[in-house]
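> need the 3D shape of this:
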Amino acid sequence: MNAETLRNWIRQQQVDDGDRDGVSSEAAAEIRALKRRNAELEQTIEILKAATSFFVRESDPRNRR
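Coordinates of the predicted model:
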């Protein structure tokens, strides 16, 4: 095991225990989950924008064949 890896684990445990400033493991996991959810919602918005545009064009009587 790399000494730096062990050092990082100890530092992170100190943060998680409140003995050192920094972002706790729990907070970091929540941030990752929220970023992932935000990306999903942004993708959904883009899909809905495209669908709205499609249906607006389809419902325009000038586009009837």
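
> hey, let's count contacts and neighbours off CA atoms from now on
Fine.

> what's the spacing between stretch 23-40 and its chain's center?
How far stretch 23-40 lies from its chain's middle: 6 Å, per C-alpha atoms, centre = their mean, to the nearest Å.

> now swap in stretch 46-65 and tell me
30 Å.

> look up phi and psi at Asn2.
For Asn2, the backbone dihedrals (degrees, to the nearest 10) come out as phi -70, psi 140.

> next one: it, what pLDDT does it get?
Looking at Asn2, its pLDDT reads 94.

> Glu58 too?
With respect to pLDDT, Glu58 has a value of 85.

> what is the neighbour count of it?
12 (other C-alpha atoms under 10 Å).

> who are the packing partners of the longest helix anywhere in the chain?
If you go by DSSP state H, the chain has its longest helix at helix 25-59. Helices and strands touching helix 25-59, by 3 or more C-alpha pairs under 8 Å, 6 or more residues apart in numbering; DSSP states H and E, are helix 3-17.

> format the CA atom coordinates belonging to the helix it packs on as PDB.
Written as PDB, here are the backbone C-alpha positions of helix 3-17 (Å, rounded to 0.1, in the frame of the first residue of the first chain):
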ATOM      1  CA  ALA A   3       2.100   5.700   2.100                       C
ATOM      2  CA  GLU A   4       0.300   8.600   0.400                       C
ATOM      3  CA  THR A   5      -2.900   6.500   0.200                       C
ATOM      4  CA  LEU A   6      -2.800   5.700   3.900                       C
ATOM      5  CA  ARG A   7      -2.100   9.400   4.700                       C
ATOM      6  CA  ASN A   8      -5.200  10.400   2.600                       C
ATOM      7  CA  TRP A   9      -7.400   7.900   4.400                       C
ATOM      8  CA  ILE A  10      -6.200   9.200   7.800                       C
ATOM      9  CA  ARG A  11      -6.800  12.800   6.700                       C
ATOM     10  CA  GLN A  12     -10.300  11.900   5.400                       C
ATOM     11  CA  GLN A  13     -11.200  10.100   8.600                       C
ATOM     12  CA  GLN A  14     -10.100  13.200  10.600                       C
ATOM     13  CA  VAL A  15     -12.400  15.300   8.400                       C
ATOM     14  CA  ASP A  16     -15.200  12.800   8.900                       C
ATOM     15  CA  ASP A  17     -14.700  12.900  12.700                       C
END
